[in-house]
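# need the 3D shape of this:
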Amino acid sequence: MAEQTTQQTTNNTVPAAAQPPNNTSPAVAQLPKITDWPGAWEIYKYSKAAIMCNINTFVVLYLASIILNIPGFLRASNPNAVPYLLASLLSNLLLIVISIATTVVYLAGVNNKKISVSESLKSISKYIVNYFIAIFIIGLAAFASILLFLIPAFFVIPRLVFAPYLVIDKNMGGVDAVQASWNMSKGHVSKVYGIFGLTLAMTLLAITIIGIPFAIYFTVMYSAAFAVLYNYVVNKK
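Presented below is the predicted three-dimensional model:
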């Protein structure tokens with residue numbers, strides 16, 4: 001009886017700081033902090049942990065993006081049909097909303113925070129203008145570099161990948177986020193290429209029918225890789 005009382009007292013007096021908070025995902029908490037970049041393949045486990053931290057929220061947003069892409073496919077098969085054109089325009093606007101919410105979920109995951117679908121969507125209006133400006137500038141810069149051959153697109157795009165994260169994480173304006181991404185990515189371009197290359201390799205698994213489910217699984221679980229890189233660079237400063 002005395003032993004049970006002692007054990008109960010010991011359990012009740014464990015400091016709160018020693019217990020993980022309710023919004024901490026064990027899958028993320030068990031991973032050590034990245035102090036030295038381990039390489040594109042090694043961060044797969046960090047990306048997967050970030051996704052699994054909010055897997056239910058991510059799945060809802062992922063399925064929503066798939067559904068919203070349907071009007072685009074219908075328009076491709078009927079390019080002159082006005083209803084499909086209007087539906088495609090509307091779906092593209094909603095895809096930007098989903099993209100912002102997904103980026104919010106990525107950032108929450110790499111920072112070991114739980115977030116619901118409603119929480120990821122509630123601040124969309126706060127970011128949508130600057131987010132749109134950022135991705136428009138990125139698209140314009142990539143198009144101009146290809147069209148004018150001034151600076152190769154394969155050099156421009158990796159320098160701008162952090163812009164969407166900066167808009168949301170640092171609440172930057174679209175132009176400022178693009179400029180900050182250009183400066184922030186200096187010295188990390190090879191890491192961006194590594195993530196691009198591994199993502200492409202995972203996608204190529206879909207060449208065979210049997211490889212399609214593997215391609216989907218690995219690319220989805222690796223989709224937070226740039227958020228992992230962004231978080232690494234921010235914490236490295």
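
# which helices and strands does the lengthiest helix in the chain pack with?
As far as residue count goes, and with DSSP state H defining each element, the longest helix of the chain is helix 82-110. In terms of contacts (3 or more Cβ pairs under 8 Å, 6 or more residues apart in numbering; DSSP states H and E), helix 82-110 is packed against helix 44-53, helix 55-68, helix 70-77, helix 117-122, helix 124-148, helix 163-169, helix 225-236. Where C-beta positions appear, they are placed from N, C-alpha and C, glycine not excepted.

# okay, the ones you listed, which one's buried deepest?
Comparing these on average neighbours per residue, with mean count of other Cβ atoms under 10 Å, the densest one is helix 163-169 at a mean of 25.

# and that helix, how far out from the chain's middle?
Going by Cα atoms, centre = their mean, to the nearest Å, the spacing between the C-alpha centre of helix 163-169 and its chain's C-alpha centre is 11 Å.

# contact partners of that helix?
99-100, 103-104, 106-107, 127, 130-131, 134-135, 137-138, 172-174, 176-178, 180-181, 184, 226-227, 230, 234 (Cβ atoms under 8 Å, 6 or more residues apart in numbering).

# where in the protein is pLDDT low?
Within the chain, the stretches with pLDDT under 70 are 1-30, 72-85, 148-153, 237.

# re the thing from before, distance from the chain centre to the longest helix of the chain, please.
Taking Cα atoms, centre = their mean, one finds the center of helix 82-110 at 13 Å from the center of the full chain.

# give the buried residues for it.
Using 16 or more other Cβ atoms under 10 Å as the burial criterion, the residues of helix 82-110 that qualify are 84, 87-88, 91, 95-110.

# go on, stretch 194-205?
Neighbour-count burial for stretch 194-205, counted by 16+ other Cβ under 10 Å, picks out 194-196, 198-199, 202, 205.

# let me know the closest of those to residue 53.
Within the set of the buried residues of stretch 194-205, residue 195 lies nearest residue 53; the separation is 19.2 Å, counting by Cβ to Cβ.

# pretty sure that closest one contacts residue 40?
Yes: shown here, residue 195 and residue 40 form a contact pair, counting by Cβ atoms under 8 Å, at 5.2 Å.

# which neighbours do these two have in common?
With contacts taken as Cβ under 8 Å, 6+ apart, residue 195 and residue 40 have residue 225 as neighbours in common.

# name the SS class of residue 161, please.
Reducing the assignment to helix, strand or coil with DSSP: H, G, I helix; E, B strand; the rest coil, the entry for residue 161 is coil.

# shouldn't it be in contact with residue 192?
Yes: under the criterion of Cβ under 8 Å, residue 161 is in contact with residue 192, at a separation of 5.7 Å.

# joint contacts of those two?
Residues touching both residue 161 and residue 192 comprise 185, 226, with contact defined as Cβ under 8 Å, 6+ apart.

# before we move on, back to that, got TSV for the helices and strands packed on helix 82-110, with distance to residue 34 too?
Compiled in TSV, the helices and strands packed on helix 82-110 are given as follows (distance: least, Cβ to Cβ, whole Å):
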stretch	distance to residue 34
helix 44-53	7
helix 55-68	21
helix 70-77	36
helix 117-122	24
helix 124-148	25
helix 163-169	16
helix 225-236	5
